[in-house]
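**Student:** Task: produce atomic coordinates for the following.
(one chain, ligands or ions: 2)
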Amino acid sequence: MNQYIEQSNIAVDAKNVSHAYNRATQARNIVTDLNLHIEKGETVAVVGRSGSGKSTLLNIIGGLEPLQQGEVHVLGKSLNGLTDSQRTALRRDHIGFIYQAFNLIPTLSVADNITLPLALKGVNTAQRQQTLEPLLEAVGLDGRGDDYPDVLSGGEQQRVAIARALIHKPALVLADEPTGNLDAQSGRQILSLLENLVSEHNSSLILVTHSLEVAGIADRTMIMTNGSLEPAQVSHLNGTLAW
Ligand SMILES: Nc1ncnc2c1ncn2[C@@H]1O[C@H](COP(=O)(O)OP(=O)(O)OP(=O)(O)O)[C@@H](O)[C@H]1O
Ligand SMILES: [Mg+2]
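**Tutor:** Ligands and ions are numbered 1, 2, ... in the order given. This is a model prediction of the structure:
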C-alpha cells in the first residue's frame with residue numbers, strides 16, 4: 001500500500017458517488033452522483049447546510065462508511081471492494097480523522113488518546129512520549145496528558161481529537177468542523193497548526209466548516225447542495241454562512 005501512496009499525486013478522486021441510509025420503509029439518498037478531485041498538498045473547504053451530507057462524505061472517504069455506489073480512490077488506493085479491515089488499515093496508517101463528535105476513548109488518558117495512532121503502528125513508549133510533548137504544547141494542553149476525557153471541556157476535547165489526528169503526520173487529514181467548539185483565538189491557533197502540518201508534509205486537507213474564516217485558509221471551497229458538490233466563492237457566501 002505504501003508504494004501506491006508515495007506514487008500518487010492525487011489525494012482523493014471520487015466519481016459518481018451516491019450514498020443512501022435505509023429507513024423503515026424507504027432509503028434516503030444523502031449523497032447523489034458526487035464528484036471530488038483533490039491533489040496532494042491541496043486544502044479544500046466543504047461548506048453546506050446542516051444535514052446536507054458533509055460528515056457522511058468524510059465518513060465515506062475515510063472508510064468509516066462502506067462505499068455503496070461510485071468509485072473512490074484515496075491516496076492512490078481504490079476503496080471499491082475493500083474489506084472493513086482494509087479500510088481501517090488505510091485510515092489508521094495514512095488518514096488523520098478529526099471527528100465532529102471527537103470520539104475520544106474515555107478509558108484512556110489524554111496522552112494515550114493522542115498517541116494511539118503511534119501505538120497502533122508499534123512505536124515504542126519513549127518515542128511516543130517524545131512526539132507527544134511538542135504537540136500537547138501546540139494544542140495548548142501542556143501538562144494535561146494524565147487527565148481523562150471526562151474532565152475536559154468541549155474545546156479541550158476537540159484539541160485532543162486534533163492532536164490525535166495529526167500525531168502520525170498523515171498524508172490526508174479529514175477535519176469535521178475542527179474549530180466548532182473553540183473560541184476565536186484557540187480556533188486560529190488550531191487552524192495554523194493544521195496549515196503548518198499540511199504544508200510541512202505536503203498533506204491534503206478536507207476542512208468541513210460552517211465558518212467563512214476557516215474556509216478562508218483553503219485553496220478552494222466546495223458547497224454541498226442536493227447531495228453533490230459544486231465550487232463556491234467564499235466571497236459570494238455573504239459575510240457569514242447562515243446555517
Ligand atoms: N448512520 C446514519 N443512519 C441514518 N441516517 C443518517 C446516518 N448518518 C447520517 N444520517 C442522515 O444523513 C443526513 C446527513 O447527515 P450528515 O451528518 O452527513 O450531515 P452534515 O452535513 O454533516 O450536517 P451538520 O452540519 O449538522 O454536521 C442527515 O439527515 C442525517 O440524519
Ligand atoms: Mg456533520
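
**Student:** all contacts plus neighbour counts: C-alpha atoms, from now on.
**Tutor:** OK.

**Student:** if I pick the spatially most central residue of the chain, what's in contact with it?
**Tutor:** By CA atoms, centre = their mean, the mean C-alpha position of the chain lies nearest to Leu174, the distance being 1.6 Å. Contacts for Leu174 (CA atoms under 8 Å, 6 or more residues apart in numbering) come out as 58, 62, 95-98, 205-207.

**Student:** Which residues of the chain lie near ligand 1?
**Tutor:** 21, 30, 49-56 (CA under 6 Å from any ligand atom).

**Student:** on that earlier part again, taking the contacts of Leu174 one by one, which sit in strands?
**Tutor:** Among the contacts of Leu174, DSSP state E puts 95-98, 205-207 in strands.

**Student:** between the residues you listed, which is closest to ligand 1?
**Tutor:** Relative to ligand 1, the closest of the ones in strands among the contacts of Leu174 is Leu207; by CA to the nearest ligand atom it sits at 11.6 Å.

**Student:** and the residue nearest to the centre of the chain, what element?
**Tutor:** strand 172-176 (DSSP states H and E).

**Student:** go on, Ile30?
**Tutor:** Going by DSSP H and E, Ile30 is in strand 27-39.

**Student:** Mind checking the pLDDT average for stretch 145-152?
**Tutor:** The pLDDT scores in stretch 145-152 average 97.

**Student:** Extract the CA atoms of the lengthiest helix in the chain and return them as CSV.
**Tutor:** Scanning the chain for the longest helix, with DSSP state H as the assignment, gives helix 184-201. Only the C-alpha atoms of helix 184-201 are listed here, as CSV (Å, rounded to 0.1, in the frame of the first residue of the first chain):
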residue,chain,number,x,y,z
ALA,A,184,-11.7,32.7,18.2
GLN,A,185,-8.1,32.7,19.4
SER,A,186,-7.8,29.0,20.1
GLY,A,187,-9.5,28.4,16.7
ARG,A,188,-6.9,30.4,14.9
GLN,A,189,-4.1,28.6,16.7
ILE,A,190,-5.6,25.2,15.7
LEU,A,191,-6.0,26.4,12.2
SER,A,192,-2.4,27.4,11.9
LEU,A,193,-1.4,24.1,13.4
LEU,A,194,-3.4,22.3,10.7
GLU,A,195,-2.0,24.6,8.0
ASN,A,196,1.6,24.0,9.2
LEU,A,197,1.2,20.3,9.2
VAL,A,198,-0.3,20.3,5.8
SER,A,199,2.4,22.4,4.2
GLU,A,200,5.3,20.7,6.0
HIS,A,201,4.3,17.3,4.8
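
**Student:** Just the residues contacting that helix, thanks.
**Tutor:** Outside helix 184-201, the residues that touch it by CA under 8 Å, 6+ apart are 41, 138-139, 159, 166, 169, 171, 179, 203-205, 214, 217.

**Student:** try stretch 21-32
**Tutor:** Taking CA under 8 Å, 6+ apart as the rule, stretch 21-32 contacts 16-20, 52-53, 56-57, 226-228.

**Student:** before we move on, what about stretch 146-160?
**Tutor:** So stretch 146-160 is contacted by 102, 104-111, 113-114, 139-141, 178-179, 181-182, 190 (CA under 8 Å, 6+ apart).

**Student:** So for that stretch, what gets flagged as buried?
**Tutor:** For stretch 146-160, the neighbour count (16 or more other CA atoms under 10 Å) marks 148-149, 154-160 as buried.

**Student:** can you check stretch 174-192 too?
**Tutor:** 174-182, 186-187, 189-191.

**Student:** what's the first-to-last distance across it?
**Tutor:** 16 Å (CA to CA, to the nearest Å).

**Student:** quick one: that stretch to chain centroid distance?
**Tutor:** Distance of stretch 174-192 from its chain centroid, counting by CA atoms, centre = their mean, to the nearest Å, is 12 Å.

**Student:** Same question for stretch 16-23.
**Tutor:** With CA atoms, centre = their mean, you get 20 Å for stretch 16-23.
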